[in-house]
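# just to be clear, the model below is a prediction. Sequence and coordinates:
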Amino acid sequence: MSEEKKNNTIGIIAEYNPFHYGHEFLIRKAKELSGAEHVIVVMSGDFVQRGEPAVFSKFLRAKMAVSCGADAAIILPVMYSTGSAEYFARAGISILDKLGVPAVCFGSECGEMQPLYDIARALSVEPAKYQTILQSFLREGESFPSARVRALEVCADEMGLKIQDPAEVMSKPNNILAIEYLKAIIRSGSTMDAYTIRRMGKGYHETELSGQAFSSATGLRREVKENGDIGNYIPPVCMQIFGDHPVYSKPLFLNDFSDLLEMAIHRSRDLTAYVDVNEEIANTIRNNSGVFHTFEDWVAILTSKTYPAGRARRCLIHILLDLTKEDLTYWSLHGDTPYAKVLAVNPEAANILATNEEDEDFRIITRNADEKKLSPEAAALRELDHRAYDLWRLVYQRKYNITLPTDLEQPVLTPTVHQ
């Protein structure tokens, strides 16, 4: 990417599960706030951070993003798209940084950078006293989010925390992700700028739709599941894309993967090898594995004060997808993200993805030949993406009797941009 193009670009890290008016608003406001002409989105693919399958195809969602103002949609590798907020954010920032994107924009409930930066700076250090107190709260049975807030409040002076009520800021899901984005920037030494926009409309976890333009993705997923029609809550071009691609337009939900999860649980010799699964969770699974459970049943069995539903879902998704701690540790020590796989691009702005062809540590993938240039280690990480999509495709085919193309058969999408 040329220096001029770099300075005219801003990044967004997202899931678009599904894409709605709030996402379109963020793309537009990111350009306005930063003065950027181009937006590159790093997007979850087939499985998402809340520990669920994406409700709609990643190709459909990527096309919607570019049609609604983004210039490129790039997949966040499944190793990170299903990870904790810290891993999700770190990988997204890593990809944008390696692409030379000079700024990132994200939504938050507080809508102000100062408190988010203040907490991120404090947590980017984590002195010994903080770690000791954090572990003591965890041993008392606190969930990690709760223990982290309490430890931060105890160590506020030592960690240079200036705001009066970090618990209030850290109680909101978008604020938590915003803090993790900023932590990733600080810890990596990146010079990336950051902008935040106050979240509008319904809260992240709210399920009721009330006719507001900015409904939550949680509410939209519920509407898709119960009524199948979200036309009043998404941009018209997105409804047009659904109509243009009926093969891709059907949803998948957690329980569609129930029997495959049961098979994965029974095939495993060591459940603690998987990301997020400790001995306590593994024992709970073993003690309840004598009869068939739906995916949602398993989430309910594992959910407790110590292990919120989000972590329970992520544990189960990691078992389903065979994502191990060994893999995650390796890539945490080797730069997280060795490639950027492009799903969709604005044909009039494709040159914003130009990069150094000689850089063997980071590749942009737009065609099958690019996959062959990956190092063996990077190819292994990419294979996890292929496996995840194959599983998503398999369930989709079985549910709807529709065969989707493989990752390698699907070309990069180049939709018309609707401003």
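Nice, thanks for sending it over. What you are looking at is a predicted structure, and each value in this text was computed from that prediction instead of being measured.

# all contacts plus neighbour counts: C-alpha atoms, from now on.
Will do.

# all strands for the stretch 151-300 of the chain, in order.
193-198 (DSSP state E, counting those that start in this stretch).

# how many other residues sit next to M263?
By other CA atoms under 10 Å, 12 other residues sit near M263.

# who are the contact partners of it?
Under the criterion of CA atoms under 8 Å, 6 or more residues apart in numbering, M263 has no contact partners.

# let's see that with 10 Å instead.
Listed by CA atoms under 10 Å, 6 or more residues apart in numbering, the contact set of M263 reads I319, L320.

# how many neighbouring residues does A349 have?
So A349, with other CA under 10 Å, has 15 neighbours.

# residue contacts, S258?
Contacts of S258 by CA under 10 Å, 6+ apart are A264, F292, H293, T294, F295, E296, D297, W298, L320.

# count of neighbours near the nearest residue to L220 once chain neighbours are set aside?
Spatial nearest neighbour of L220, excluding adjacent residues (CA to CA, 6 or more residues apart in numbering): I230 at 6.6 Å. Neighbours of I230 under the rule other CA under 10 Å: 18.

# mind listing what I230 touches?
Counted by CA under 10 Å, 6+ apart, I230 has contacts P18, H20, L209, G219, L220, R221, R222, E223, V224, M239.

# how about a cut-off of 8 Å?
L220, E223, V224.

# counting neighbours, which of those residues comes out on top?
Busiest of those [other CA under 10 Å] is L220, holding 24 neighbours.

# run the chain-centre distance for the host helix or strand of L394.
For L394, the host element (DSSP states H and E) is helix 376-400. Between the centre of helix 376-400 and the centre of its chain there are 16 Å (CA atoms, centre = their mean, to the nearest Å).

# now stretch 75-84
6 Å.

# now do the strands in the stretch 301-419 of the chain.
With DSSP E, counting those that start in this stretch as the criterion, the stretch 301-419 of the chain has strands spanning 339-345, 363-365.

# other SSEs contacting the shortest one?
In this structure, strand 363-365 packs against strand 339-345, helix 368-371, with contacts taken as 3 or more CA pairs under 8 Å, 6 or more residues apart in numbering; DSSP states H and E.

# ok, 7 Å please
Packing partners of strand 363-365 (3 or more CA pairs under 7 Å, 6 or more residues apart in numbering; DSSP states H and E): strand 339-345.

# please save the CA atoms from the strand it packs on in PDB.
This file holds the C-alpha atoms of strand 339-345, laid out as PDB (Å, rounded to 0.1, in the frame of the first residue of the first chain):
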ATOM      1  CA  TYR A 339      -1.800 -13.600   6.300                       C
ATOM      2  CA  ALA A 340      -4.800 -11.500   5.300                       C
ATOM      3  CA  LYS A 341      -7.400 -13.500   3.400                       C
ATOM      4  CA  VAL A 342      -9.600 -11.200   1.300                       C
ATOM      5  CA  LEU A 343     -13.300 -12.100   1.100                       C
ATOM      6  CA  ALA A 344     -14.600  -9.000  -0.800                       C
ATOM      7  CA  VAL A 345     -13.200  -5.800  -2.200                       C
END
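
# tell me the buried residues in that strand?
For strand 339-345, a neighbour-count test (16 or more other CA atoms under 10 Å) marks Y339, A340, K341, V342, L343, A344, V345 as buried.

# list of residues touching it?
Residues from elsewhere that reach strand 339-345, judged by CA atoms under 7 Å, 6 or more residues apart in numbering: 59, 62-63, 66, 71-75, 95, 362-366, 412-414.

# where do the helices sit along the stretch 251-400 of the chain?
Applying DSSP state H, counting those that start in this stretch to the stretch 251-400 of the chain gives helices spanning 258-267, 279-287, 295-302, 309-321, 325-333, 368-371, 376-400.

# report the angle between the last one and helix 309-321.
Looking back up the chat, that one is helix 376-400. 100 degrees (axes from the mean of the first three to the mean of the last three CA atoms, to 10 degrees).

# so which elements touch helix 376-400?
Counting contacts by 3+ CA pairs under 7 Å, 6+ apart, helix 376-400 is packed against no other helix or strand.

# go again with 8 Å.
helix 78-81.

# give me the mean pLDDT for the following helix or strand past the helix it packs on.
Downstream of helix 78-81, the next assigned helix or strand under DSSP H and E is helix 85-98. Across helix 85-98, the average pLDDT comes to 95.

# need the contact list for the spatially most central residue of the chain.
Within the chain, one residue has its C-alpha closest to the average C-alpha position: by CA atoms, centre = their mean, that is S81, at 4.1 Å. By CA under 8 Å, 6+ apart, S81 lies in contact with S44, G45, F47, V48, Q49, F88.

# swap in 6 Å and give it another go.
S81 is in contact with S44, V48, Q49, F88, counting by CA atoms under 6 Å, 6 or more residues apart in numbering.

# look up how far R50 lies from it.
Note on S81: its distance to R50, by CA to CA, to the nearest Å, is 9 Å.
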